[in-house]
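Asks: Fold the following for me, if possible:
(2 chains)
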Amino acid sequence: MQHGTRVNDFAFKLANVNGTGSASANGLLMQAIFRMGIPVSGKNLFPSNIQGLPTWYEIRVSKDGYIARALDYDLMVAMNSQTYARDVREVREGGYLLYDSTWPLDPSLHRDDVTFLGVPLSRMCNEAFKDPRERILMKNIAYAGALVAILNVDMAIVERLLDEKFAAKKALRESNTKALTLGYDYAKSHFMCPLPFHLEKMNENADKILIDGNTATALGCVYAGATVAAWYPITPSTSVMDAFKEFCEQYRKDPETGKNNFCIIQAEDELAAIGMVIGASWTGARAFTSTSGPGISLMNELLGLAYYAEIPAVVMDIQRVGPSTGMPTRTQQGDVFEAAYASHGDTKHIVLFPADPGECFDFARNAFDLAERFQTPVLMLSDLDIGMNDWVVPRLAWDEHYRPDRGRVLSAEDLEKIPKFQRYHPEDENHVAARTLPGVHARGAFFTRGSGHNKFGGYTEIPDEYQEVLDRLLRKQRAAARFIPAPVIKKRAGAKIGLVTIGGCDAAVREAVDLLSKRGVEADFMRIRGFPFDETVVKFLTTHDLCFIIEQNRDAQLRGLLLLETKVPKEDLRSILVYGGFPLSAKHVVDEVVRQLRNRAIEQKPESVVELGSWEE
Amino acid sequence: MPSIAKPVATHPSLHRNHIGLTLRDYEGVMSTLCAGCGHDSITAAIIRALWELSVAPHMIAKMSGIGCSSKTPTYFVNGAHGFNSAHGRMAAIATGASAANSELTYIGISGDGDSLSIGLGHMCHAIRRNVKMLYVIENNGVYGLTKGQFSASADVGSKSKRGEANRMAPIDPVMLGLSIGATFVARSFSGDKEQLVPILKAAIAHRGFALVDVISPCVTFNDHNGSTKSYMYTRKHAHRATEANFVPPATEILANITSNGTTAVTMHDGSVVNFTAVPEHYDPRDRQQVYQYLTEHAGEVPTGLLFLDENVPDMHEMNNTPATALAKMPYDKLCPGSAALDELQEEFR
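Replies: Numbering: from 1, shown residues only, chains lettered A, B, ... in the order given. Predicted coordinates:
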């Protein structure tokens, strides 16, 4: 059952108990592999809990650059007795399992096709360390040491990382070295090191960074010039504001006055948070909030106000699993409908779908430009997977020539030149009318209202006057299509079907395209990056016999939005839906494409035998 | 019609304020509220207070939610910016607006439904943040636009127009404000403009959040026998607990504080509030005492500038924001630039 040697192409999973300090050991391994120049991805599958529940961390290394979640694990590090049975089951045939052999493993868990590597982690740490908390923490570093040995992680890099991390904490540094060495030495003297699958240095990461989406989002907001941020704590968005605060402390303290060139308000709820954003935008600041689905639900009311009164607002929605409280620490793309049509009455918003932290950084800036240019709310839909996991992405780049697009705002000089200011008239080619900011000029004074108004901004209950404004709002939203990031399209020769997706599904679907090609199924790829949809999206959908819309929600929300907003025939759009809360894997996509194509072929020609191969090649 | 224009011509002999404007310049469009509505009297008091303070109209931000009271910002200072937002959310929106532009004078107009039910949380938190603004509750104990339901400020036993008695305890914004740290708490009566105008002026000069509860009878739904928010009832039960005289910063103040029984409080901007006719042992700066006084006078309607604390920093001071509005901050002061980004990213390796 022994596999041949596989270098930089495997996945391993660490099963831990949350609150025991495993995150830092797992992060250390991830970062070390990154520094070895190898394409790597890490997925933290954690519970909504502070301490004591199962948590997993998956690391996939792929010399070919596939970074989606893998579902086959070559190695399991089973550190949680609560989940032993399940963790043992998940190891692939011929794989390995590393466990704490201080206590004997339940014989019923044994598998003949898996190699068990016992390391007496608890015993070694109990002997080496006195403090009870330290014994628990160092057990993690000890297994990291064992992994360094069996996976051939560059020890010098690990040492350097520890030096950096504990530069100011000498005692901790020493404990870490001790624990690391315990695991490393034990593995070296008891196991075949390295295992047949292992790491070798590459040079793929020279221009890359390791960053999570929420940090990148916050950084994008800083660079976009956001000054007011209002929020209510909610997983998984909280770290957006944590990071924004940290960056503001670093970059926005006025060197001369010591004053804060920012104002972050922890609101009483999401109703208030969006209200504050709208108030701040109304007076002319770039303002944003970060939240998750339940927060968007509460913001629905005022998003309608901002839409109708035409006030910019930027909302970062870090999606999690709904409905209701759902699974707050699991990922989903369940807010597509909610974001697109948030609020009562006829409302339609601009929505952006970043795929990774790099796009979070760029799209955050786009969101402010779009919100101000179109004087309307813009929602950026990130998710827990993008937001809270560390991703290897190209270095963030900043264009020094960038200047915020403030849209049509009349200055005091502009106002001097016009006889009378009218808020919603005249409109420009994008159906946007100029706005004024309070305090700029007496002539710009204007009464903003969420109640029925005519194009001059006056109160109205007259049908024609009301409809005239509402119709312009629709034209305005449609006009935004040209300004949102275009879809990413990858074509393959001979492809008749298309795989269409959004956001964090990107990596899995791209990989699926390659895997399908190996099995003779050629598919074009399109990742939609924003709503409203532009011509290219429609063209892609209409020029393929069949498109699979791949997304992480039950109700095929992206597909639904495409059907509602374009004239693509319903039967040409099929769904692939994975919404259990863990990130998408290429296997999900390939299996489902194959299954559906086979069924379709049988439907069309029941007598024919369709050969599409099977997953197990 | 909701926006009937008033005649533009003004009499040449009208008094002008320090910036050369007449009272008429602080007016808005014609009110569409019911004839005799207390809210219109409050509007008139606001017009006078802003005129007397010589606030430039375009530097005023009129904020409101939804309800009869929230319609009134169109009835004063046409030349101001206004935002008639959503039911109960005004305090939150005003907080954000203030965060972005601290240079404007924020006039928040709310009602008892807007502030004490749907927007209660937002009002409380605006109080906690000490957002610098005048926050008026035009309090009539009843929902007008939806035709006469009790509001949260209705007293126990107060009767609706149909004769039904309210049984739930009221939320008293004055007592609530005092208990959660409000720094300026006043109550007045729409029918007492003489008292209301100086209170409003002091409120606008206040360092932070100025809560002004104004009993403002609803002539259509809550002005009958058996109502405790009627003109009759309020006239009978209101008594001035304090008389506050507002002295702007430019005025010589020494003469005013020599009279007997006067408590003078210097405001953050240098203006002074003189409290006269203060009951014995009533110190408007002592929260406990004020609370006790009001408790002892439950069932009555003590009015006046009841509590004042000028020592609590406002939201901007707490957040250490600059004097210049954040909304006006030039972009080059906000963007760290590409060199900083390159340097920062070394940490992400």
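Asks: name the element residue A:122 belongs to?
Replies: helix A:121-128 (DSSP states H and E).
Asks: who touches that helix?
Replies: Residues outside helix A:121-128 that contact it (Cβ atoms under 8 Å, 6 or more residues apart in numbering or on different chains) are A:79, A:100-103, A:135-136, A:138-139, A:142-143, A:146, A:178-179, A:182-183, A:186. For glycine as for every other residue, the C-beta is placed from the backbone atoms N, C-alpha and C.
Asks: hey, C-alpha coordinates of that helix in PDB?
Replies: Only the C-alpha atoms of helix A:121-128 are listed here, as PDB (Å, rounded to 0.1, in the frame of the first residue of the first chain):
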ATOM      1  CA  LEU A 121       3.900  14.000  23.800                       C
ATOM      2  CA  SER A 122       2.200  14.500  27.200                       C
ATOM      3  CA  ARG A 123       4.700  12.300  29.000                       C
ATOM      4  CA  MET A 124       7.600  14.200  27.400                       C
ATOM      5  CA  CYS A 125       6.200  17.600  28.200                       C
ATOM      6  CA  ASN A 126       5.200  16.700  31.700                       C
ATOM      7  CA  GLU A 127       8.700  15.600  32.300                       C
ATOM      8  CA  ALA A 128      10.300  18.700  30.700                       C
END
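Asks: taking the mean pLDDT, what do you get for it?
Replies: Taken as a whole, helix A:121-128 has a mean pLDDT of 97.
Asks: C-terminal to that helix, what's the next element?
Replies: Downstream of helix A:121-128 (by DSSP H and E), the next one is helix A:132-151.
Asks: Between helix A:121-128 and that next one, find me the angle.
Replies: Interaxial angle of helix A:132-151 relative to helix A:121-128 (axes from the mean of the first three to the mean of the last three Cα atoms, to 10 degrees): 120 degrees.
Asks: Pull the helix or strand just after helix A:132-151 out as PDB, backbone CA atoms only.
Replies: Next helix or strand after helix A:132-151 toward the C-terminus (DSSP H and E): helix A:155-165. Only the C-alpha atoms of helix A:155-165 are listed here, as PDB (Å, rounded to 0.1, in the frame of the first residue of the first chain):
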ATOM      1  CA  MET A 155      14.400  23.600  10.800                       C
ATOM      2  CA  ALA A 156      16.400  26.800  10.300                       C
ATOM      3  CA  ILE A 157      13.300  28.600   9.100                       C
ATOM      4  CA  VAL A 158      11.300  27.400  12.100                       C
ATOM      5  CA  GLU A 159      14.100  28.600  14.400                       C
ATOM      6  CA  ARG A 160      14.100  32.000  12.700                       C
ATOM      7  CA  LEU A 161      10.300  32.300  13.100                       C
ATOM      8  CA  LEU A 162      10.600  31.500  16.800                       C
ATOM      9  CA  ASP A 163      13.300  34.100  17.100                       C
ATOM     10  CA  GLU A 164      11.100  36.700  15.500                       C
ATOM     11  CA  LYS A 165       8.000  35.800  17.500                       C
END
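Asks: Just the buried residues of the following helix or strand past helix A:155-165, please?
Replies: Where DSSP H and E defines the elements, the next helix or strand beyond helix A:155-165 is helix A:170-190. Within helix A:170-190, the residues that count as buried by 16 or more other Cβ atoms under 10 Å in any protein chain shown are A:173, A:175-184, A:186-187, A:190.
Asks: Chain B next: which of those are close?
Replies: When Cβ under 8 Å from any Cβ of the partner chain is applied, no member of the buried residues of helix A:170-190 is adjacent to chain B.
Asks: export those residues to CSV and tack on pLDDT?
Replies: Formatted as CSV, the buried residues of helix A:170-190 follow (pLDDT from 0 to 100):
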residue, pLDDT
A:173, 94
A:175, 96
A:176, 96
A:177, 96
A:178, 96
A:179, 97
A:180, 97
A:181, 97
A:182, 97
A:183, 98
A:184, 98
A:186, 98
A:187, 98
A:190, 98
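Asks: Those into TSV, with extra columns for distance to residue B:219?
Replies: Listed next are the buried residues of helix A:170-190 as TSV, based on distance: Cβ to Cβ, whole Å:
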residue	distance to residue B:219
A:173	77
A:175	77
A:176	77
A:177	82
A:178	82
A:179	79
A:180	81
A:181	85
A:182	84
A:183	82
A:184	85
A:186	87
A:187	86
A:190	91
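Asks: Show me the longest helix that occurs in chain B.
Replies: The single longest helix within chain B, with elements called by DSSP state H, is helix B:38-52.
Asks: Now the helix or strand that that helix is followed by: average pLDDT?
Replies: Elements were assigned by DSSP H and E; along the chain past helix B:38-52, the next helix or strand is strand B:60-64. Averaged across strand B:60-64, the pLDDT comes to 98.
Asks: I'd like the average pLDDT over the helix or strand just after strand B:60-64.
Replies: Note on strand B:60-64: by DSSP H and E, the next helix or strand toward the C-terminus is helix B:68-71. On average, the pLDDT along helix B:68-71 is 96.
Asks: what comes into contact with helix B:68-71?
Replies: Contacts of helix B:68-71 (Cβ under 8 Å, 6+ apart): B:2, B:32-33, B:37, B:39, B:64, B:84, B:90, B:109-111, B:114, B:136-138, B:140, B:144-145, B:216, B:218.
Asks: how about the strands in chain B?
Replies: Per DSSP state E, chain B carries strands over the ranges B:60-64, B:81-84, B:105-111, B:133-139, B:142-143, B:149-150, B:184-189, B:209-215, B:238-240, B:243-247, B:263-266, B:272-276, B:301-308.
Asks: ok now stretch B:280-298, how far from the chain's centre?
Replies: 21 Å (Cα atoms, centre = their mean, to the nearest Å).
Asks: buried ones in that stretch?
Replies: B:282, B:284, B:287, B:290, B:291, B:293, B:294.
Asks: Can I get the buried part of the contacts of helix B:68-71 as one ChimeraX selection?
Replies: In ChimeraX syntax, the buried subset of those is picked out as below (16+ other Cβ under 10 Å):
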select /B:32,33,37,39,64,84,90,109,110,111,114,136,137,138,140,144,216,218
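Asks: re the thing from before, which of the buried residues of helix A:170-190 sit farthest apart?
Replies: A:173 and A:190 (26.3 Å; Cβ to Cβ).
Asks: and the closest residue to residue B:245 other than its chain neighbours, how many neighbours does it have?
Replies: In space, and not counting its chain neighbours, residue B:245 is closest to residue B:274: 4.3 Å by Cβ to Cβ, 6 or more residues apart in numbering or on different chains. Per other Cβ atoms under 10 Å in any protein chain shown, the neighbour tally for residue B:274 reads 20.
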